[in-house]
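Participant: everything below, folded, please.
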Amino acid sequence: MRPEGAGAQMCVWIPLDVAGCAPTRRRRAHSRVYWYPAFCMLITGTGFSGYERGRWCALDSAGINLLDALPTGALLVDESGRVLFANPHAANVLERTRDELVDSPIDGALAPLGWLLKTGALERPKRLCTIHPPSGKDRTVGFSIAPAQDATGGKSFAISFQDVTDWVDLSAEHDRLMKIAVVGSALPTLLHEIKNPMASITATVEVLIEEMEPGPVRDQIHAVLSEVRRMKLSLDGVAAVGRSLHSQRYAAIDQACRDAWQIMATRGRSLGIYSHCQVDDMPLLLLDPSVVCGIVHNLMNNAIQACSAGQTVNLRAQLMGGGSQFSLTVVDNGAGMTGEIYNHCTELFFTTKRNGSGIGLALCRRAAEEAGGILTIESVAGFGTAVTLDIPTLPGKNPTAPGAADGSR
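Facilitator: This next block holds a predicted model:
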């Protein structure tokens with residue numbers, strides 16, 4: 001607040017939010033005094049005196065300089081929500097000048113006063129507010145609020161706050177790593193318990209189909225078998241984590257790719273999405289067909305989810321480098337990825353889908369890198385995405401492919 005007249009004084013509390021700071025209310029001649037338990041300093045227009053541990057501290061220009069140097073935002077608002085005072089740190093966090101803040105409603109800068117009062121009564125970890133500054137980069141602030149009252153009985157509110165965006169992000173990263181640890185420890189047992197009975201179901205349904213006469217019932221059982229195989233393919237995709245793409249046994253990887261594509265193409269057709277498969281005939285390779293199928297499932301599943309009816313998903317698998325490199329590419333002409341999504345798309349549990357798991361691309365990348373290979377991602381928002389997996393057909397051989405390990409855009 002601004003002094004009125006030559007002898008007038010101005011006073012403001014500094015919001016330190018220190019437990020135990022409870023100054024006694026005192027009336028000072030010719031001054032407008034605010035008292036607030038979480039504030040332990042008072043700025044006035046004249047004189048200087050200092051006290052410790054919750055007693056009055058009347059400051060002049062030196063005190064104002066001290067307030068301006070605080071790394072904590074401080075606001076004083078009246079009961080209508082109009083800002084009466086703002087220190088420089090408050091202006092910096094809110095991305096406004098002090099002149100823009102003073103005499104303006106707090107709603108647009110921080111949050112509605114009623115909401116601040118309600119949330120401020122919660123425990124400290126829950127006193128958080130997301131602000132939307134002019135730069136467009138949202139921030140999270142932790143705050144405290146308490147009533148202030150002047151000597152004339154006027155009611156105001158003192159607010160102290162700090163930008164805690166980095167702390168919130170660190171907490172979210174901690175939670176993400178805890179999820180990874182839980183999934184990693186429980187995954188092998190969970191997959192074993194699911195895949196064994198699923199194998200029995202698949203065998204039983206296949207026998208039923210062989211013994212039944214052609215007709216509607218057999219067609220329905222065929223549909224059940226297709227869904228069971230798709231479920232197995234999904235589990236193979238999850239099981240790719242912790243398993244090497246390379247194997248000690250030779251396998252028909254070309255046929256594994258075609259089988260996986262056929263299952264996913266059936267799902268795509270049900271959504272009106274076209275799919276084409278171009279897999280070259282290959283010799284038997286020392287690769288794990290179940291891991292390859294899991295990767296095909298994850299890549300095609302992402303592509304299908306990015307497409308709308310009438311769009312296309314294509315699969316291409318081939319040997320390159322004289323047979324020393326296995327290359328698998330899934331291309332779609334769907335929504336593509338924005339720069340922000342692209343930067344995080346291979347992070348575990350990162351997803352933009354409402355019911356997405358956020359593990360598909362992360363597991364594909366990990367499987368490729370553990371096999372000495374490269375996962376390359378190229379995407380343009382509005383035009384589609386191409387994901388290419390290049391791995392050596394023999395362990396210890398590094399593939400040659402453009403882009404970094406996590407893709408190039």
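Participant: quick one: Val168 and Thr130 touch, right?
Facilitator: No. Taking contacts as C-beta atoms under 8 Å, Val168 lies outside contact range of Thr130: 9.3 Å. In short, each C-beta sits where N, CA and C put it, glycine included.
Participant: now do the shared contacts for these two.
Facilitator: Common neighbours of Val168 and Thr130, using C-beta atoms under 8 Å, 6 or more residues apart in numbering, are Thr140.
Participant: compare these two (neighbour count), which wins?
Facilitator: Neighbour comparison, Val168 and Thr130: the larger count goes to Val168, with 16 against 11 (by other C-beta atoms under 10 Å).
Participant: list the contacts of that one.
Facilitator: Going by C-beta under 8 Å, 6+ apart, Val168 touches 128, 140.
Participant: gap between it and Asn92?
Facilitator: 18 Å (C-beta to C-beta, to the nearest Å).
Participant: which residues in the stretch 51-200 of the chain form strands?
Facilitator: Secondary structure of the stretch 51-200 of the chain, counting by DSSP state E, counting those that start in this stretch: strands at 58-59, 73-78, 83-86, 128-131, 139-149, 155-163.
Participant: just checking, what packs against the fourth one?
Facilitator: In this structure, strand 128-131 makes packing contacts with helix 113-120, strand 139-149, judged by 3 or more C-beta pairs under 8 Å, 6 or more residues apart in numbering; DSSP states H and E.
Participant: coming back round to it: save the strands of the stretch 51-200 of the chain as a markdown table, and put in distance to Leu235 and mean pLDDT too.
Facilitator: Listed next are the strands of the stretch 51-200 of the chain as a markdown table, based on distance: least, C-beta to C-beta, whole Å; pLDDT from 0 to 100:
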| stretch | distance to Leu235 | mean pLDDT |
| --- | --- | --- |
| strand 58-59 | 68 | 38 |
| strand 73-78 | 51 | 86 |
| strand 83-86 | 57 | 86 |
| strand 128-131 | 38 | 88 |
| strand 139-149 | 38 | 84 |
| strand 155-163 | 44 | 86 |
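Participant: mind checking the pLDDT average for the lengthiest helix in the chain?
Facilitator: Looking across the chain with DSSP state H, the single longest helix is helix 165-211. For helix 165-211, mean pLDDT is 78.
Participant: make TSV out of the strands of the stretch 51-200 of the chain and add distance to Thr346.
Facilitator: Listed next are the strands of the stretch 51-200 of the chain as TSV, based on distance: least, C-beta to C-beta, whole Å:
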stretch	distance to Thr346
strand 58-59	54
strand 73-78	37
strand 83-86	42
strand 128-131	27
strand 139-149	26
strand 155-163	29
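Participant: indicate which one of these is closest to Arg98.
Facilitator: Checking the strands of the stretch 51-200 of the chain against Arg98 by C-beta to C-beta gives strand 83-86 as the closest, at 5.1 Å.
Participant: and that closest one, what does it pack onto?
Facilitator: Counting by 3+ C-beta pairs under 8 Å, 6+ apart, strand 83-86 packs on strand 73-78, helix 98-101.
Participant: and the last one, what does it pack against?
Facilitator: Looking back up the chat, that one is helix 98-101. Using 3+ C-beta pairs under 8 Å, 6+ apart, helix 98-101 is in contact with strand 83-86, helix 88-94.
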